[in-house]
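Peer 1: Structure, please.
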Amino acid sequence: MTSNYAQPVLNGEGATDYARYMRTDTLLSLQRRPEDMIHRDELLFQTVHQSTELWLKLACYELAEATCQIRDGATDRAIQLLTRASLAVDFITGQLEMLRHLAPWDFQLIRTVLGHGSGFESPGWRDAQRLSRELNDTFTELLAARQVDLVELYRGSPDVPLYRLAEALIEWDERIALWRARHYKVATRIIGHQVVGTKGTPVDVLSGLISHKFFPELWQVRTVLTEIGLMGEGAQPAGQ
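Peer 2: Have a look, this model is predicted:
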């Protein structure tokens with residue numbers, strides 16, 4: 001018996017199975033309607049931010065599982081998940097380019113309907129920060145349990161699973177910093193310096209966040225290695 005592929009078979013709303021599974025009717029109704037907009041670029045603004053939340057939801061989903069895999073000793077699987085999460089942040093960094101096409105005065109019009117809403121309230125970014133801290137704690141516990149010294153790890157082979165895991169964590173941290181840097185430049189391009197955002201926070205606070213590190217020990221080890229290299233093989237840097 002031949003199936004009628006024109007007929008949907010999934011439960012849910014929508015005229016097709018694609019619409020029902022992807023919930024496109026709901027998804028595409030989440031933006032302001034043209035008749036409700038005070039400026040046509042509200043669609044651009046909402047699309048960038050809503051899609052950012054979706055990618056961050058995926059990134060955090062992968063981070064949470066990566067943490068579990070590290071606890072279970074599944075290093076390679078954790079690396080794969082961290083790579084996915086980093087790629088998601090790369091995507092949302094790239095789409096910030098769309099906001100470069102938002103004229104400064106046009107944003108001032110859009111700003112009047114944003115209330116006190118701010119990116120600082122983003123559920124995706126809040127989860128990313130929380131999960132990154134958990135990742136750092138889990139990785140630190142793993143090093144302690146295996147009695148691994150970071151300096152010695154980094155002076156060894158880069159093919160060691162723990163080394164590759166450390167680099168996957170650094171990649172995630174760096175991707176976040178790059179997004180913050182790009183976001184800061186886009187924000188100041190649109191609203192300028194020495195002004196406050198919709199939450200009353202000075203926009204230049206964003207510049208201070210660029211240097212924040214979720215895995216400070218992994219960054220510090222590079223400084224230690226440079227000190228060792230400058231002092232010569234076998235020397236110990238200050239405080240070691």
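Peer 1: Could you report the pLDDT at the closest residue to P161 other than its chain neighbours?
Peer 2: Using Cβ to Cβ, 6 or more residues apart in numbering and skipping the chain neighbours, the partner closest in space to P161 is T75 (4.1 Å). Heads up, the C-betas are built off the backbone N, CA and C, glycines and all. With respect to pLDDT, T75 has a value of 97.
Peer 1: close enough to count as contact, T75 and L162?
Peer 2: Yes: in this structure, T75 is within contact of L162 by Cβ atoms under 8 Å, at 6.7 Å.
Peer 1: and F214, how many residues sit next to it?
Peer 2: Other residues within reach of F214, judged by other Cβ atoms under 10 Å, total 19.
Peer 1: next one: P158
Peer 2: 10.
Peer 1: need the contact list for the closest residue to it other than its chain neighbours.
Peer 2: On the basis of Cβ to Cβ, 6+ apart, the spatially nearest residue to P158 that is not a chain neighbour turns out to be R164, at 7.2 Å. With contacts taken as Cβ atoms under 8 Å, 6 or more residues apart in numbering, R164 has the following neighbours: 75, 79, 158.
Peer 1: Next: G94.
Peer 2: Not one residue lies near G94 by Cβ under 8 Å, 6+ apart.
Peer 1: tell me which element it falls in.
Peer 2: helix 75-94 (DSSP states H and E).
Peer 1: Does L81 touch A66 like I think?
Peer 2: Yes: proximity of L81 to A66 meets the contact threshold set by Cβ under 8 Å, at 4.0 Å.
Peer 1: Which one of the two is surrounded by more residues?
Peer 2: A66 (29 against 22).
Peer 1: That one and A74 touch, don't they?
Peer 2: No: taking Cβ under 8 Å as the definition, A66 is not a contact partner of A74, at 9.3 Å.
Peer 1: what comes up buried for stretch 136-145?
Peer 2: Neighbour-count burial for stretch 136-145, with 16 or more other Cβ atoms under 10 Å as criterion, is recorded at 136, 138-139, 142.
Peer 1: contacts for that stretch?
Peer 2: Where contact means Cβ under 8 Å, 6+ apart, the residues beyond stretch 136-145 that reach it are 67, 70-71, 148, 150, 153, 162, 165-166, 169, 214-215, 217.
Peer 1: Not counting its neighbours along the chain, what's nearest the residue sitting nearest the centre point of the chain?
Peer 2: Ranked by distance to the mean C-alpha position of the chain (Cα atoms, centre = their mean), the top residue is V89 at 4.1 Å. Once flanking residues are discounted, V89 sits nearest to R175: 4.2 Å by Cβ to Cβ, 6+ apart.
Peer 1: Assess the claim that the one you found and T93 are in contact.
Peer 2: Yes: R175 is in contact with T93 according to Cβ under 8 Å; the separation is 7.2 Å.
Peer 1: Can you report how many residues neighbour the residue nearest to P8 when sequence neighbours are not counted?
Peer 2: Once its chain neighbours are removed from consideration, P8 has its nearest residue in D17; the separation is 4.5 Å (Cβ to Cβ, 6+ apart). Taking other Cβ under 10 Å as the criterion, the count of residues near D17 is 14.
Peer 1: and D17, what does it touch?
Peer 2: In this structure, D17 makes contact with 8-10, judged by Cβ under 8 Å, 6+ apart.
Peer 1: Helices of the chain, residue ranges please.
Peer 2: Along the chain, counting by DSSP state H, helices occupy 17-22, 24-27, 42-71, 75-94, 104-111, 123-145, 150-154, 161-191, 205-209, 216-231.
Peer 1: Let me have the ones you listed in TSV, adding distance to D36 as columns.
Peer 2: What follows is the helices of the chain, written out as TSV (distance: least, Cβ to Cβ, whole Å):
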stretch	distance to D36
helix 17-22	23
helix 24-27	17
helix 42-71	8
helix 75-94	26
helix 104-111	12
helix 123-145	24
helix 150-154	54
helix 161-191	22
helix 205-209	29
helix 216-231	46
